[in-house]
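Student: Got a predicted structure here, sequence first:
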Amino acid sequence: MKKSFISVALIILVFTKIGYSQNMGISDDGASFTPASTSVLELKSTSRGVLVPRMTTAQRTVIGSPATGLMVYDTDTKSFWYYDVVWKNIGSSIQDTNGDTKIQVEKTVNEDKIHFDTFGAERIVIDNAGITQMGTPGTNYTKIEADGSLSYEGTATVFDDLTVPVTASKTGGTQDPDFYKLKDNGAGSQGVFLYWFDKTIEEELYFIVQMPHKWKVGSNLSPHVHWVAPLDLGGTKVVWALEYTWVNLGDVFGNTSILSASDPIASVGAVTANKQVVTSLGTIPATGHTLSSVLVCRVFRKAADVADTFGSDAGLLQIDFHYEIDSDGSRSDYSK
């Protein structure tokens with residue numbers, strides 16, 4: 001009875017001391033030491049560690065109202081997690097305070113990918129094959145292959161002009177436009193010259209283009225002409241036209257097709273003297289066409305068209321084809 005009383009007294013004494021102590025130190029070798037003054041509890045060992053609760057992801061995520069700073073070991077992800085507004089993986093991610101901007105190196109178990117998120121949306125993914133997707137990964141993104149080559153997926157494609165300098169075209173010798181001055185320096189200089197297309201006869205130039213390796217194979221082309229009038233058009237119009245035949249490498253040329261248009265694009269506004277004007281000629285369907293395919297073309301003013309009502313010459317500056325780009329080139333000489 002006396003022994004029991006002494007044991008109880010000792011226990012009460014120990015816990016009373018713990019309750020009033022500023023901090024505690026525990027060692028596994030029985031040696032006393034002074035714990036750090038800024039810690040509530042300091043543990044000391046050279047052979048053992050601290051074991052926190054272990055649980056599955058499902059068990060962790062159903063903990064009700066977890067306290068800020070709560071830490072567990074997730075046996076599914078094999079990593080430590082702590083709670084701060086949301087559950088955060090220690091070591092596998094860097095996150096802001098609310099978890100919507102982060103870098104993750106293990107989003108799912110053993111996927112071996114790096115994910116970059118900002119404002120709750122995934123922006124970049126680097127996969128385990130070294131392929132990088134930037135933008136909206138899996139949907140609309142710029143793709144960098146492991147070897148460094150570049151391509152564009154979904155709506156990440158861009159457009160460029162396949163340009164045909166008019167002075168690099170060829171006259172046919174029968175219905176050639178005149179080549180004369182557009183402007184000089186106002187003091188008798190030689191000036192700069194253009195090809196001018198007459199209202200009374202169908203005049204024309206000839207040229208050839210080849211589809212570049214950056215082109216998104218199968219996407220349509222949008223030809224258009226840049227031109228200028230020496231006088232205000234007022235309510236009159238100029239009709240421009242393109243005749244072409246398009247053939248793939250190794251195929252046989254077929255009959256030509258003709259596109260024409262008289263209305264400048266809306267952003268041009270009223271056509272006044274010496275203004276640069278653009279007229280879109282519509283769309284050239286590209287289904288079935290491949291890299292290194294060639295278009296043989298004739299550009300002309302369709303003077304006999306009833307819609308062409310401008311009575312003076314029209315000067316041709318350039319003809320272009322808007323085309324869609326989905327890569328910085330091709331992986332082989334004649335195909336993607």
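Tutor: Arrived safely.
Student: Pull the number of nearby residues for the residue lying closest to Val158 once chain neighbours are set aside.
Tutor: Nearest non-adjacent residue to Val158, counting by C-beta to C-beta, 6 or more residues apart in numbering: Ile325, 5.1 Å away. Quick note: C-beta positions are derived from backbone N, CA and C, even for glycine. By other C-beta atoms under 10 Å, the residues close to Ile325 number 17.
Student: cool, and the one 10 residues further on?
Tutor: Ser335 is surrounded by 12 other residues when neighbours are defined as other C-beta under 10 Å.
Student: In contact with the residue nearest to it when sequence neighbours are not counted, which residues?
Tutor: Once flanking residues are discounted, Ser335 sits nearest to Leu291: 5.8 Å by C-beta to C-beta, 6+ apart. Contact analysis of Leu291 by C-beta atoms under 8 Å, 6 or more residues apart in numbering lists 211, 213, 215, 217, 249, 330, 334-336.
Student: ranking those by neighbours, who comes first?
Tutor: Highest count within those by other C-beta under 10 Å belongs to Trp215, 25 neighbours.
Student: contacting residues for that residue?
Tutor: Contact analysis of Trp215 by C-beta under 8 Å, 6+ apart lists 291, 323-326.
Student: what are the bridge partners for it, then?
Tutor: Beta-bridge pairing of Trp215 under DSSP bridges involves Ile325.
Student: Against Asn110, how distant is it?
Tutor: Separation of Trp215 from Asn110 (C-beta to C-beta, to the nearest Å): 39 Å.
Student: do the same with Leu51
Tutor: For Leu51, the distance to Asn110 equals 24 Å [C-beta to C-beta].
Student: returning to that earlier point: closest one to Ser260 out of the contacts of Trp215, please.
Tutor: Of all those, Tyr323 has the smallest distance to Ser260: 20.3 Å, by C-beta to C-beta.
Student: Do I have it right that that closest one meets Leu162?
Tutor: Yes - here Tyr323 lies in contact with Leu162, judged by C-beta atoms under 8 Å, at a distance of 5.4 Å.
Student: What is the end-to-end distance of stretch 167-178?
Tutor: Using C-alpha to C-alpha, to the nearest Å, one end of stretch 167-178 lies 12 Å from the other.
Student: ugh, wrong one, stretch 226-237
Tutor: End-to-end distance for stretch 226-237: 14 Å, by C-alpha to C-alpha.
Student: Could you do stretch 66-85 as well?
Tutor: Using C-alpha to C-alpha, the two ends of stretch 66-85 sit 9 Å apart.
Student: contacts for that stretch?
Tutor: 52-58, 60, 63, 87-92, 97-99, 106, 109.
Student: May I see the PyMOL selection of the buried members of those?
Tutor: To isolate the buried ones among the contacts of stretch 66-85 in PyMOL, judged by 16 or more other C-beta atoms under 10 Å, type:
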select buried, resi 55+60+87+88+89+92+106
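Student: Filter the contacts of stretch 66-85 down to the ones in helices?
Tutor: Judged by DSSP state H, those include 57-58, 60 as members of helices.
Student: Closest to Asn185 out of the residues you listed?
Tutor: Nearest to Asn185 out of those is Thr57 (C-beta to C-beta; 77.3 Å).
Student: Next, the contact list for the closest one, please.
Tutor: Contacts for Thr57 (C-beta under 8 Å, 6+ apart) come out as 74, 76-77.
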